[in-house]
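Asks: Okay, predicted coordinates and the sequence, questions at the end:
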Amino acid sequence: MTALGIIGAIVVLLVSIMLHEAGHFLTAKHYGMKATRFFLGFGPTLWSTRRGETEYGVKALPAGGFVKIVGMTQLEEVEPGDENRVFYKFPARQRAVVLSAGSAVHIVLALLLTYFVLVFAGDLSSSRAAVYVDSVPKCVVSSVTQTDCLPSDPASPSQGVLLHGDRILQVNSRPVHSNEALRDALHVGVATHLVIERKGTPMTVTLTPVGIKQKVDGKTATVAKIGVLLTENPDPPSVGALAAVPKTFDTMGQFFTQTVKGLGRIPHTLADVLQGKQRNANDVGTVVAATQISGQIAGAQDIPLSVKLGSFLLLMAGLNFFIGVFNMLPLLPLDGGHVGILAFEKARSGVARVLHRPDPGRVDLMKVMPVTYAVFVALVGMSLILLYADIFRPINLNG
């Protein structure tokens, strides 16, 4: 199952990359721009085919993808006949849509995945659990460290009544969604009525708790026990199709908060890695971390399949949301950097118009290339540090 989780994460990430590039490609084609290449990956070409004016293909390194739109920069040579289809000749609003479309796809993916999880797997943020009987000892022990029954230990009231695998549904007509809910309903010498599910069949049983002396908040007290060891499995409450809509947007808000915090923690995270400290699950990582966490989710024991699948899809939703936001940061060579340049050009043109001066036109990209290279080197350096941590000190969901 762990390997299946890793493979699943890789597949979803590759699909996300392809859809990101499709966002750029389809909006460019919609406006009439000329897109000559649509590729998944980088490096040597493994396969390609031409359909109309566009070459589609797959390259050897699945570390991203790209769409070649004619005239993205003024440094390109434009073939005769393409002068009116070059990117930079289209209205600023249309160029902004094309540049932002990839990130918008990630946000929409995050929204759709989250809605799907809520409707079909339930609210995974809930702490609600299904309570099961793990084992029924012969006696009620007074200490958690005690392994054998002592002559003074009372017999377990659950012996011959409860069995391994029984799910406890209700106690005294109240639903049981945690160990604490059952424990708090017990009283020494007072008959307790349980509704349990055994092999799919509901049934009612009655037990009378016994009292044992235990330390509670540093004081000795008599505690009611039914002599059973319990285990919990996640049992998220179902969410209807309509109720899932506002809950989805609430989750988007949580993703945004986590993304902002994660971005803000990047310097601290990098310092922790360089100092050999362990990161937590909320720290920024690479796609390697995402696949590792996905593998941990898939390999978790005694977790319902719907919860595993829902947790995996929520992980992918959160990752897509982060990528969508990160890619729109106003830094070249990210898409957000290009949108920032476009916004600067429009603002500068507006000021010139107000001052009755000539339009200064497009930004000379050669002048911002040093900044672009610096940001690129910083991003690569950050990625290598995080990649090292993901390989040698991976994030562990179990602590």
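Replies: Nice, I can see it. Numbers count the residues shown, from 1 in each chain.
Asks: pLDDT below threshold where in the stretch 251-399 of the chain?
Replies: Scanning the stretch 251-399 of the chain for pLDDT under 70 picks out 281-282, 285-289, 395-399.
Asks: which stretches of it form helices?
Replies: With DSSP state H, counting those that start in this stretch as the criterion, the stretch 251-399 of the chain has helices at 266-274, 287-299, 305-326, 335-354, 365-392.
Asks: The longest one - contacts with which helices or strands?
Replies: Under the contact criterion of 3 or more C-beta pairs under 8 Å, 6 or more residues apart in numbering; DSSP states H and E, the helices and strands touching helix 365-392 comprise helix 266-274, helix 287-299, helix 335-354. All C-beta spots, glycine's among them, are computed from the backbone N, C-alpha and C.
Asks: for the helices of the stretch 251-399 of the chain, which one sits closest to residue 153?
Replies: Among the helices of the stretch 251-399 of the chain, helix 305-326 comes nearest to residue 153, with 36.5 Å by C-beta to C-beta.
Asks: Counting by contacts, list what that closest one packs against.
Replies: Using 3+ C-beta pairs under 8 Å, 6+ apart: helix 305-326 touches helix 2-31, helix 92-120, helix 244-264, helix 287-299.
Asks: residues touching the spatially most central residue of the chain, list them.
Replies: The centroid of the chain falls nearest to residue 315 when counting by C-alpha atoms, centre = their mean (2.2 Å). If you count contacts by C-beta atoms under 8 Å, 6 or more residues apart in numbering, residue 315 has them with 9, 290, 293, 294, 297.
Asks: does the second one really touch residue 13, like I thought?
Replies: It refers to residue 290. Yes: because the distance of 7.0 Å satisfies C-beta atoms under 8 Å, residue 290 is recorded as touching residue 13.
Asks: Now list whatever residues contact both of those two.
Replies: Shared contacts of residue 290 and residue 13, counting by C-beta under 8 Å, 6+ apart, come down to 316, 319.
Asks: Looking at these two, which is more packed in?
Replies: Taking neighbours as other C-beta atoms under 10 Å, residue 290 and residue 13 compare with residue 290 leading, 22 against 19.
Asks: which residues does that one contact?
Replies: By C-beta under 8 Å, 6+ apart, the residues touching residue 290 are 9, 13, 315, 316, 319.
Asks: The first one: neighbouring residues, count only.
Replies: Taking other C-beta under 10 Å as the criterion, the count of residues near residue 9 is 25.
Asks: ranges for the helices of the stretch 51-200 of the chain?
Replies: 92-120, 179-183.
Asks: Adding distance to residue 59, mean neighbour count and mean pLDDT, write these out as JSON lines.
Replies: Below are those laid out as JSON lines (distance: least, C-beta to C-beta, whole Å; neighbours: other C-beta atoms under 10 Å; pLDDT from 0 to 100):
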{"stretch": "helix 92-120", "distance to residue 59": "18", "mean neighbour count": "20", "mean pLDDT": "96"}
{"stretch": "helix 179-183", "distance to residue 59": "53", "mean neighbour count": "16", "mean pLDDT": "92"}
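Asks: want to throw those into TSV with distance to residue 379?
Replies: Putting these into TSV (distance: least, C-beta to C-beta, whole Å) gives the following:
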stretch	distance to residue 379
helix 92-120	16
helix 179-183	47
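Asks: wait, which of those is closest to residue 343?
Replies: Taking the helices of the stretch 51-200 of the chain one by one with C-beta to C-beta, helix 92-120 is closest: 7.9 Å.
Asks: quick one: that closest one to helix 2-31, angle?
Replies: Between helix 92-120 and helix 2-31, the angle formed by their directions is 150 degrees, by axes from the mean of the first three to the mean of the last three C-alpha atoms, to 10 degrees.
Asks: Which neighbouring elements make contact with helix 92-120?
Replies: helix 2-31, helix 244-264, helix 305-326, helix 335-354.
Asks: shaky segments in the stretch 101-250 of the chain?
Replies: For the stretch 101-250 of the chain, counting by pLDDT under 70, the residues that fall below are 144-146.
Asks: Now residue 166, what are its backbone angles?
Replies: Dihedral angles of residue 166 (phi, psi; degrees, to the nearest 10) stand at phi -60, psi 140.
Asks: please renumber so the chain begins at 12
Replies: Okay, residue one is now 12; in that scheme the one you just asked about reads as residue 177.
Asks: For it, give its distance to residue 143.
Replies: 7 Å (C-beta to C-beta, to the nearest Å).
Asks: do the same with residue 236
Replies: 18 Å.
Asks: and what of residue 211?
Replies: 14 Å.
Asks: Any idea how far apart the tips of stretch 140-152 sit?
Replies: Start-to-end span of stretch 140-152 (C-alpha to C-alpha, to the nearest Å) is 25 Å.
Asks: what about it, distance to the chain center?
Replies: Relative to its parent chain, stretch 140-152 has a centroid offset of 34 Å by C-alpha atoms, centre = their mean, to the nearest Å.
Asks: Equivalent analysis for stretch 302-314, please.
Replies: 13 Å.
Asks: Same check on stretch 107-122?
Replies: Stretch 107-122 sits 17 Å away from the centroid of its parent chain (C-alpha atoms, centre = their mean).
Asks: do the same with stretch 173-181
Replies: Relative to its chain's centre, stretch 173-181 lies at 33 Å (C-alpha atoms, centre = their mean).
Asks: Give me the buried positions along it.
Replies: 173, 177, 178, 179, 180, 181 (16 or more other C-beta atoms under 10 Å).
Asks: same thing with stretch 379-386?
Replies: Within stretch 379-386, the residues that count as buried by 16+ other C-beta under 10 Å are residue 386.
Asks: How about stretch 256-274?
Replies: Going by 16+ other C-beta under 10 Å, stretch 256-274 has these buried residues: 258, 259, 262, 263, 266, 270, 273.
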